[in-house]
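Student: here's my sequence, what's the structure:
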Amino acid sequence: MTSQIASQHVAFLMHPHAARVNSSSMRVLLFGATGSAGGGVLDACLAASIVEEVRAITRRPLMHTSSKLRTFVHKDFVNYATVEEAFRGMDACLFCLGVSATQVSREEYRKITYAYTLAAAQMFKSKSPGAAFHYISGQGTRPDSRMFWSRVKAQTEHDLMELVDADCWRPAFIDAAPAPSLPKIYKTFFPLLRVLKPFPSLYVSGTDLGRAMLQATRENLRKRIIENREIRQIAARADF
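Tutor: A predicted model of the protein is given here:
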């Protein structure tokens, strides 16, 4: 067995989906499609020639009518037993679900940010073992931060990397259609933040974030913390 074949064999044993991911028929599971970041990621997935199917788990039906999209309406995000089918045979999970710490209590924020995400990762690991898991975290995430939200996200990152070798994405300003739940004042100033576009560490479009996740899946990048500048670099490598 040549060294090249041997290395491919080892890679497959570690990540059995690797061979399929290099093909042109990727299947992805998406959370948070009704949000700002998730909406941009959804658009990127539906436009990508390498994606054959997107399964979205949401609280309400989506307006998209793409033949690639299959929506699973679900309410309990700590128990996915009734939607197990959505998790089977996937190449990647793009977890974009989240909430601002200013909009909910600390207890609710921890539940949404940590409990929802880990429950999804556990189900995903059992139904699509070896597939890629991508988690949208946020710029400024640190386990020793004085900010509550930052510490919760850091714990979520750590546990996801241990559980499913997750890639944890830390975007800065995400340029995508504002979610209906965002405060009105934020929606007002949202367009002004596009002046950050020339700065690689401060700006990324929602579709480029999605393209970067898909490209990272193709490249079999695993267990990585990916800051905004690198997000844009990975997106630039995408040719689909």
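Student: now the lengthiest helix in the chain: how far from the chain's centre is it?
Tutor: When the chain is scanned for its longest helix (criterion: DSSP state H), the result is helix 148-164. Centroid displacement of helix 148-164 relative to its chain, using C-alpha atoms, centre = their mean, to the nearest Å, is 14 Å.
Student: could I get the buried residue list for that helix?
Tutor: Residues of helix 148-164 classed as buried: W149, S150, R151, V152, K153, A154, Q155, T156, E157, L160, M161, V164 (neighbour count, 16 or more other C-beta atoms under 10 Å). Placement of C-beta: from N, CA and C, glycine included.
Student: stretch 100-114 now?
Tutor: A101, Y109, R110, K111, I112, T113, Y114.
Student: ok, the residue nearest to the first one when sequence neighbours are not counted - contacts?
Tutor: I take that to be A101. In space, A101 comes closest to W149 once its chain neighbours are excluded; the distance is 3.9 Å by C-beta to C-beta, 6 or more residues apart in numbering. Contact analysis of W149 by C-beta atoms under 8 Å, 6 or more residues apart in numbering lists A101, Y109, T113, G138.
Student: how much space between W149 and L29?
Tutor: 25 Å (C-beta to C-beta, to the nearest Å).
Student: kindly report the same for S126.
Tutor: The separation that S126 has from L29, given C-beta to C-beta, amounts to 13 Å.
Student: now list whatever residues contact both of those two.
Tutor: F87.
Student: who has more neighbours, those two?
Tutor: A count of neighbours by other C-beta atoms under 10 Å puts L29 above the other of S126 and L29, at 28 against 11.
Student: what is the more buried one paired to in the beta sheet?
Tutor: Following DSSP bridges, L29 is listed with bridge partners R55, C93.
Student: ranges for the helices of the protein?
Tutor: Along the chain, the stretches classed as helices by DSSP H are 3-14, 18-21, 36-47, 106-110, 116-127, 148-164, 184-189, 206-218, 228-237.
Student: give me the mean pLDDT for the last one.
Tutor: Looking at helix 228-237 alone, the average pLDDT works out to 98.
Student: any idea of the angle that helix forms with helix 206-218?
Tutor: Here the directions of helix 228-237 and helix 206-218 differ by 80 degrees (axes from the mean of the first three to the mean of the last three C-alpha atoms, to 10 degrees).
Student: what is helix 228-237 packed up against?
Tutor: Where contact means 3 or more C-beta pairs under 8 Å, 6 or more residues apart in numbering; DSSP states H and E, helix 228-237 is packed against strand 203-205, helix 206-218.
Student: which stretch among the ones you listed comes nearest L42?
Tutor: Ranking the helices and strands packed on helix 228-237 by proximity to L42 (C-beta to C-beta) places helix 206-218 first, at 7.3 Å.
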